[in-house]
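> could you work out the structure for the sequence below:
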Amino acid sequence: MSNERAPGEIGRTSAAALSPADADHAGDSPDRRGWRANPAVVERCKRRRPGPVYEEDQVPSYELPDPLRGSDGSVVDSPQAWRRRRQEILDLFRTHVYGHRPPGDDPRTRRRFDVVEEDPSAMDGAATLRRVVVRSERADNERPTRTHQFEVTVFLPNAAADPVPVFLLLNIAGPENTDPTRERTSSIWPAEEAVARGYGIAALQVRDLAPDDPARFREGIIQLVEGDLDERPPDAWKALAAWGWGASRAMDYFETDPRVDHTKVAVLGHSRGGKAALWAGAEDERFALVISNESGCGGAALSRRRFGETVAAINRRFPHWFCDNFRRYDDAEHALPVDQHMLIALIAPRAVYVASADEDLWADPRGEFLSLAHASSVYGLWGHSTIGPDDMPPLDTPLRVGPRGYHIRSGDHSLTEVDWNHYMDFADTLWR
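Down below sits the predicted model:
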């Protein structure tokens, strides 16, 4: 799969290939040109972090691996044939990018869910609050019994007569932003708004699973599994995979809660939390909707574009996020056997939403959109319309094509109520 847009060429939004039932461009205007970076923002980024690529005419030529062509040269042409290719791609990401996380049903690990607080009249009676502690205990013949626990905060709307869909946030911003007392509220987690719209909303703190620290990332769930292992293989899991593992354990709990529709759970993350959410959705097919909010390099953005943050840059700053093998591709993205459009493809045919921000060029908004576009061949196996590489929508204009959504919002690197409203609007089209 080649880079279909020459360096510097401006993409144009076109819905010509989309049927009215499968495409929804909000805010149509006579000028259908897609998003282009604001020159003032480009100059500001160049002053702030000189060196990286911030302009399209500097993007190197690249060729993307074809998600529908297996290592043996076979071409995938059906959903049934995709299952084998999907496993192959999943294993490539495990080996070269995120590492191998342990299975959730490891017989050596006992797990239980303890509701440590339940308030049926939270939010002035609008919701039920549940604080659930997920406890894991591991025992084997070689090491003493070890334990690990983390908490999931859940609000469920009391007005709902039936089990409700739930949004699960992988919170990177600190627990005060997901305050269960609601003494402090935050746009990062608009619980009241979600409940008012009939959705459940939940959060876990990624730091409880693996500290976001290169010297301490093993102190959480990784230590439970590995103990004090001295030498780790180069494809061993690190923080991002541990955070995604925690999302799956939250899903284990949702399957036990009769007020949760566990067939309609969305996993969502911002920035590095978005990287973890995408990987969680790739590993765990129980998530019906996967949402990436400005996840950038190692998340939704194509690595081969080398735009903004690169593989070398992210590995230097955050060596505890990806497996050690990922360092092989510092300044050698062309040698990766995968790219991030294949991560999006692993979510098919389930729903996925990718979002960017106009001033967040470090995360490569166009590269995030292109990953979604280049996953179209896989979604096409289920009859979904193509999102072309020139279909990037204008600023603040959501694009919805079947089970895929995208928007680029005004502003900088953040998770806002505007983003959340787009995600809930999208969920409405899927589930309501």
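
> what's the mean pLDDT across the helix or strand hosting Arg44?
Element membership of Arg44, judged by DSSP states H and E, is helix 39-48. For helix 39-48, mean pLDDT is 97.

> before we move on, what about stretch 399-406?
98.

> can you tell me what sits against that stretch?
By C-beta atoms under 8 Å, 6 or more residues apart in numbering, the list of residues contacting stretch 399-406 from outside reads 13, 18, 22-25, 349-356, 369, 372, 375, 379, 384-385, 387, 391-393, 398, 407, 422-423, 426, 429-430. (Each C-beta comes from the backbone N, C-alpha and C, glycine too.)

> for the helix holding Arg44, C-alpha coordinates in PDB please.
The C-alpha trace of helix 39-48 is given here as PDB (Å, rounded to 0.1, in the frame of the first residue of the first chain):
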ATOM      1  CA  PRO A  39       0.800  28.100   9.100                       C
ATOM      2  CA  ALA A  40       1.000  30.000  12.400                       C
ATOM      3  CA  VAL A  41       0.700  26.800  14.300                       C
ATOM      4  CA  VAL A  42       3.400  25.200  12.100                       C
ATOM      5  CA  GLU A  43       5.800  28.000  12.800                       C
ATOM      6  CA  ARG A  44       5.100  27.900  16.600                       C
ATOM      7  CA  CYS A  45       5.800  24.200  16.600                       C
ATOM      8  CA  LYS A  46       9.100  24.700  14.800                       C
ATOM      9  CA  ARG A  47      10.200  27.300  17.300                       C
ATOM     10  CA  ARG A  48       9.100  25.200  20.300                       C
END
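
> show me the contact partners of that helix.
With C-beta under 8 Å, 6+ apart as the criterion, helix 39-48 contacts 52, 54-55, 308, 358-359, 361-362.

> try stretch 271-282
So stretch 271-282 is in contact with 90, 93, 98, 169-172, 206, 212, 240-241, 243-245, 247-248, 267-269, 287, 290-296, 298-300, 318, 321, 343-344, 346-347, 350, 352, 363, 413, going by C-beta under 8 Å, 6+ apart.

> of those, which belong to strands?
169-171, 267-269, 290-293, 352 (DSSP state E).

> which of those residues ranks first by neighbour count?
Ser292 (34 neighbours; other C-beta atoms under 10 Å).

> give me the nearest residue to that one, chain neighbours excluded.
Closest residue to Ser292 apart from its sequence neighbours, by C-beta to C-beta, 6 or more residues apart in numbering: Gly274 at 4.1 Å.

> quick one on the thing from earlier: mind checking how far the helix holding Arg44 is from the chain centre?
Distance of helix 39-48 from the chain centroid (C-alpha atoms, centre = their mean, to the nearest Å) equals 27 Å.

> go through that helix and flag the buried ones.
Cys45 (16 or more other C-beta atoms under 10 Å).

> same thing with stretch 95-107?
In stretch 95-107, counting by 16+ other C-beta under 10 Å, buried: 95-99, 101-102.

> quick one, helices of this structure?
39-48, 79-93, 191-196, 221-226, 239-254, 272-283, 311-317, 340-345, 365-374, 376-379, 417-431 (DSSP state H).

> would CSV of the ones you listed with distance to Pro60 be doable?
Below are the helices of the chain laid out as CSV (distance: least, C-beta to C-beta, whole Å):
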stretch, distance to Pro60
helix 39-48, 18
helix 79-93, 22
helix 191-196, 41
helix 221-226, 35
helix 239-254, 26
helix 272-283, 23
helix 311-317, 13
helix 340-345, 16
helix 365-374, 12
helix 376-379, 23
helix 417-431, 30
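
> how about these, which one is nearest Asp124?
Taking C-beta to C-beta, helix 191-196 is the member of the helices of the chain nearest to Asp124, at 9.6 Å.

> what's next to the closest one, contact-wise?
123, 126-127, 155-157, 167, 178, 182, 185, 200-201, 417, 420-421, 424.

> weed out the non-buried ones from those.
For the contacts of helix 191-196, buried by 16+ other C-beta under 10 Å: 123, 127, 155-157, 167, 178, 200-201, 420, 424.

> can I get these in TSV with pLDDT and distance to Val116?
Formatted as TSV, the buried ones among the contacts of helix 191-196 follow (pLDDT from 0 to 100; distance: C-beta to C-beta, whole Å):
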residue	pLDDT	distance to Val116
Met123	98	19
Ala127	98	17
Phe155	98	15
Leu156	98	16
Pro157	98	21
Phe167	99	22
Thr178	98	15
Gly200	98	18
Ile201	98	18
Trp420	98	27
Met424	98	28
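
> and of those, the nearest to Asp261?
For the buried ones among the contacts of helix 191-196, the nearest to Asp261 is Gly200 (8.5 Å; C-beta to C-beta).

> so the closest one bridges to which residues?
Counting by DSSP bridges, Gly200 is bridged to Val166.

> ok, it touching Asp162?
No - using C-beta atoms under 8 Å, Gly200 is not in contact with Asp162, being 11.7 Å away.

> low-confidence regions, this protein specifically.
1-32, 141-142 (pLDDT under 70).

> on that earlier part again, biggest separation within the ones in strands among the contacts of stretch 271-282, which pair?
Counting by C-beta to C-beta, the most remote pair of the ones in strands among the contacts of stretch 271-282 is Asn171 and Val352, 20.2 Å apart.

> Thr145: which of the buried residues of stretch 95-107 is nearest?
Nearest member of these to Thr145, counting by C-beta to C-beta, is Pro102, at 16.9 Å.

> for that closest one, which non-adjacent residue is closest in space?
Nearest non-adjacent residue to Pro102 (C-beta to C-beta, 6+ apart): Val225, at 5.3 Å.

> tell me the contacts of that neighbour?
Counting by C-beta under 8 Å, 6+ apart, Val225 has contacts 102, 106, 109, 138.

> same thing but at 10 Å, please
Counting by C-beta atoms under 10 Å, 6 or more residues apart in numbering, Val225 makes contact with 101-102, 106, 108-109, 136, 138, 146, 148, 218, 237, 242, 245.
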